[in-house]
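Q: Structure of the sequence below:
(chains A and B)
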Amino acid sequence: MIRKKNFILLLLVFTILQVSVLHYFRIFTAKPDLLLICAVAASIYFEVESALLFSLLCGILKDIFSISPFGLNTFLLPVFSFLVIKLSRRIALVDTPVLCAATFVIAFFYAVTSRLILGYLGTMIPFRAFLRISFLESLYTALVFPLVFRLIKKALYL
Amino acid sequence: MFKFNRKSLIAATLLLVFLFLISALIPSLRKPAINIFKLPMTVFSAVSQEIGGLIFFHSNLVQTRKLKAKVDFLRKQLNDKNELQLENHRLKSLLSLKESSPYKVIAAGVIGRDPSNWSSTVIVNKGSSSGIKEGCVCISFYGLVGRVVETGGSVSKIMLINDPNLSVSAVVQRSRQEGLVCGSLGGTLLMKYLPKDSDIKIGDTIVTSGLTPVYPKGLAVGTVISVGVEFSSLSSYAVIKPAVDLSALEEILVIFQ
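A: Residues are numbered from 1 along each chain as shown, chains lettered A, B, ... in the order given. Presented below is the predicted three-dimensional model:
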């Protein structure tokens, strides 16, 4: 039986980790996106309504600590979660390498989309920094994914 | 790839509208939510600092020895500076020049950082109840750190100088050449809009110019590590290493008066 309460607790812990401890594990100023992993995991494990709700929660938690003029992640994470649900019906997201590759692609598109929206709103950054952060963040998120995914799996079936 | 019928299209549109409305509400949710997270964040931050201290024990020991030697050297320099300051004060009073008033600061500890990689902000454990307001300038003992962008009752968000949204008018301390220092999300800053033949070289110290009224004049921003010409060939730029190690901030001083 899947325990949704455990998932919410895990989300809160990951949020605090994301804004505190994860800073010490940065590689070239990029850190993995734990909340994006949670949203992807929610899209795989839960039914559509719960998955969208959990990814919305992930977005809200991420936006609380950021300074974007509106809830960018609150808007984007459920949209991406919906796309992952649709994608999981076409491709079997079961094997770890496939999941990692899918996470890399999702994280990269997520980074590019959010950056483009922020750019449209007037926050420009150098193109090289944009490419570096987008690529490294996606790669790092994909590499961390198996570990976090295992943790989520354990928490869900405790 | 995805097929939508009319019903699901309406559902998707409604979902998007709902998400947009929720997104618009987020800024008003931030202050109370951060206050709720303050305690666990403080605990996590303190524990991680302690664990970091234990893991990097040896490098910390070496650094402490180096710093102790530097403290002795700086103490002597400080003594000389104090003498000069007193002399400066006496001469200024003789010439009846107005003294610039010293600013009041409040110390705040860093308890969190931006969750994304697209901006450079920190969350500190002092807020409006301690007198901090939006727009207050933040410094450390080494130089300029950033500016307060949001304040809650007992927490504040500070945008660091390596954030691309923050620009500071600055001058080269040696030649008084003016430019605009902007963040680049990395470990360095960019000083832009310098004339092509500007007098700036590697090793020059960059300080705030005082042209932007909120930033006090003369705060150390960083040191020039390279100089180049813009792609348009109309102006040059300088890459600056910040005076403050922004990735290892633990305590900052907020100028509130």
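
Q: rest of the way, CA atoms for contacts and neighbours
A: Fine.

Q: any idea which element the residue in chain B that chain A sits nearest to lies in?
A: Using Cα to the nearest Cα, residue B:23 is the residue of chain B that sits closest to chain A, at 4.0 Å. Using DSSP states H and E, residue B:23 sits in helix B:6-55.

Q: same for that helix, what does it pack against?
A: helix A:4-19, helix A:48-64, helix A:72-90, strand B:105-113 (3 or more Cα pairs under 8 Å, 6 or more residues apart in numbering or on different chains; DSSP states H and E).

Q: Point me to the helix or strand that includes residue B:237.
A: Secondary structure from DSSP H and E places residue B:237 in strand B:235-242.

Q: which one is residue 135 nearest to, not counting chain neighbours?
A: Let's take chain A. residue A:108 (6.5 Å; Cα to Cα, 6 or more residues apart in numbering or on different chains).

Q: try chain B instead
A: Residue B:135's closest residue in space is residue B:148 (Cα to Cα, 6+ apart), at 5.0 Å.

Q: Pretty sure the one you found sits in a strand.
A: Yes. Checked against DSSP: H, G, I helix; E, B strand; the rest coil, residue B:148 lies within a strand.

Q: related to what we said a few turns ago, now for the helices and strands packed on helix B:6-55, which one comes closest to residue B:55?
A: Smallest distance to residue B:55 across the helices and strands packed on helix B:6-55 (Cα to Cα): 18.3 Å, for helix A:4-19.

Q: and chain A, which residues reach chain B?
A: Counting by Cα under 8 Å from any Cα of the partner chain, the residues of chain A close to chain B are A:15-21, A:23, A:28-31, A:33, A:60, A:62-67, A:69-72, A:74-75, A:79, A:86, A:115, A:123-126, A:129, A:133, A:137.

Q: List the contacts of residue 25.
A: Reading this off chain A. Shown in contact with residue A:25 (Cα atoms under 8 Å, 6 or more residues apart in numbering or on different chains): residue A:31.

Q: oops, chain B please
A: Applying Cα under 8 Å, 6+ apart, we find residue B:25 in contact with A:70-71.

Q: Residue 103: what's it in contact with?
A: Picked chain A for this. A:37, A:40, A:138, A:141-142, A:145.

Q: My question was about chain B, not that one.
A: B:255-257 are the contacts of residue B:103 under Cα under 8 Å, 6+ apart.

Q: Give me the PyMOL select line for those residues, limited to the buried ones.
A: Provided next is the PyMOL selection string for whichever of those are buried by 16 or more other Cα atoms under 10 Å in any protein chain shown:
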select buried, chain B and resi 255+256
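
Q: Show me the subset of the contacts of residue B:103 that also lies near chain A.
A: Taking Cα under 8 Å from any Cα as the test, chain A is in contact with none of the contacts of residue B:103.

Q: so of the contacts of residue B:103, which ones are in strands?
A: Among the contacts of residue B:103, the ones falling in strands (DSSP state E) are residue B:255.

Q: now the contacts of residue B:103 as a markdown table including pLDDT?
A: Shown next, in a markdown table, are the contacts of residue B:103 (pLDDT from 0 to 100):
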| residue | pLDDT |
| --- | --- |
| B:255 | 89 |
| B:256 | 81 |
| B:257 | 72 |
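
Q: CSV for the contacts of residue B:103, including distance to residue B:58?
A: Below are those laid out as CSV (distance: Cα to Cα, whole Å):
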residue, distance to residue B:58
B:255, 35
B:256, 38
B:257, 40
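
Q: pLDDT on the one helix or strand residue B:72 maps to, on average?
A: Assigned by DSSP H and E, residue B:72 belongs to helix B:57-95. Averaged across helix B:57-95, pLDDT comes to 86.

Q: Run the contact check for that helix versus chain A.
A: No. Helix B:57-95 does not reach chain A (Cα under 8 Å from any Cα); its nearest approach is 15.4 Å.

Q: Also compute the angle for that helix relative to helix B:6-55, please.
A: Interaxial angle of helix B:57-95 relative to helix B:6-55 (axes from the mean of the first three to the mean of the last three Cα atoms, to 10 degrees): 90 degrees.

Q: For the nearest residue to residue A:20 once chain neighbours are set aside, give me its contacts.
A: Leaving aside its sequence neighbours, residue A:20 sits nearest to residue B:112 (Cα to Cα, 6+ apart; 4.9 Å). Residue B:112 is in contact with A:19-20, B:41-42, B:45, B:122-124, counting by Cα under 8 Å, 6+ apart.

Q: Share the number of residues neighbouring the closest residue in space to residue B:48 that isn't next to it in sequence, please.
A: Nearest-residue entry for residue B:48: residue A:21, 6.1 Å, with adjacent residues in sequence omitted and distances by Cα to Cα, 6+ apart. Residue A:21: 22 surrounding residues under other Cα atoms under 10 Å in any protein chain shown.
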